[in-house]
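Chemist: just coords:
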């Protein structure tokens, strides 16, 4: 998975693995993705109204979700540590990291979308 810089779903990982080993089970893929996530080697990205995706980039960064095709992309926006410091406005809370997800249309889907008037 380290070679894949996309953001595959568990089913996409399973299909790739099955192409290499037709005897691999879906459960094996799900268990290994769970283990890799727990060990911090991949990140599970929970997407609204879409299946979870997995990211081999474990550094903090932001994502864009295409609402039409469901693909997930890394954004070029730098992660802003400042948003982790919410203690001034929410005493007692300690933020470890934050998520920012942009939702819209990827270039391919934007071309297919009828013009808005």
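Modeler: Received it, and whenever you're ready, just let me know what you need. All of these numbers come straight from a predicted model, not from anything done at the bench. Numbers count the residues shown, from 1 in each chain.
Chemist: give me the low-pLDDT residue ranges for this structure?
Modeler: Per-residue confidence for the chain (pLDDT under 70) gives these ranges: 1-5, 87, 115-117.
Chemist: Show me the helices in it, by range?
Modeler: In the chain, the segments counted as helices under DSSP state H are 10-20, 26-38, 107-112.
Chemist: Show me what the last one is in contact with.
Modeler: What it means is helix 107-112. 66-69 (CB atoms under 8 Å, 6 or more residues apart in numbering). No exception for glycine: its C-beta is placed from N, CA and C like everyone else's.
Chemist: can you pull out the strands in this structure?
Modeler: Ranges of strands in the chain, per DSSP state E, are 43-45, 53-55, 63-66, 72-74, 101-104.
Chemist: State the distance from the residue sitting nearest the centre point of the chain to residue 98.
Modeler: Centroid-nearest residue in the chain, with CA atoms, centre = their mean: residue 45, separated by 3.6 Å. The gap separating residue 45 from residue 98 is 14 Å, by CB to CB, to the nearest Å.
Chemist: hang on, the earlier thing: wait, isn't the residue nearest to the centre of the chain in contact with residue 71?
Modeler: No. Look at residue 45 against residue 71 with CB atoms under 8 Å: they stay out of range, at 11.7 Å.
Chemist: what residues are shared contacts of those two?
Modeler: What both residue 45 and residue 71 touch, as defined by CB under 8 Å, 6+ apart, is the set residue 7.
Chemist: Quick one, which of the helices of the chain gets closest to residue 51.
Modeler: helix 10-20 (7.1 Å; CB to CB).
Chemist: got the contact list for that closest one?
Modeler: Contacts for helix 10-20 (CB under 8 Å, 6+ apart): 1, 4, 8, 24, 26, 29-30, 33, 51-52, 54.
Chemist: repeat that with 7 Å
Modeler: 1, 24, 26, 29-30, 33, 52, 54 (CB atoms under 7 Å, 6 or more residues apart in numbering).
Chemist: Including distance to residue 81 and mean neighbour count, could the helices of the chain go into a markdown table?
Modeler: Shown next, in a markdown table, are the helices of the chain (distance: least, CB to CB, whole Å; neighbours: other CB atoms under 10 Å):
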| stretch | distance to residue 81 | mean neighbour count |
| --- | --- | --- |
| helix 10-20 | 30 | 14 |
| helix 26-38 | 23 | 14 |
| helix 107-112 | 30 | 10 |
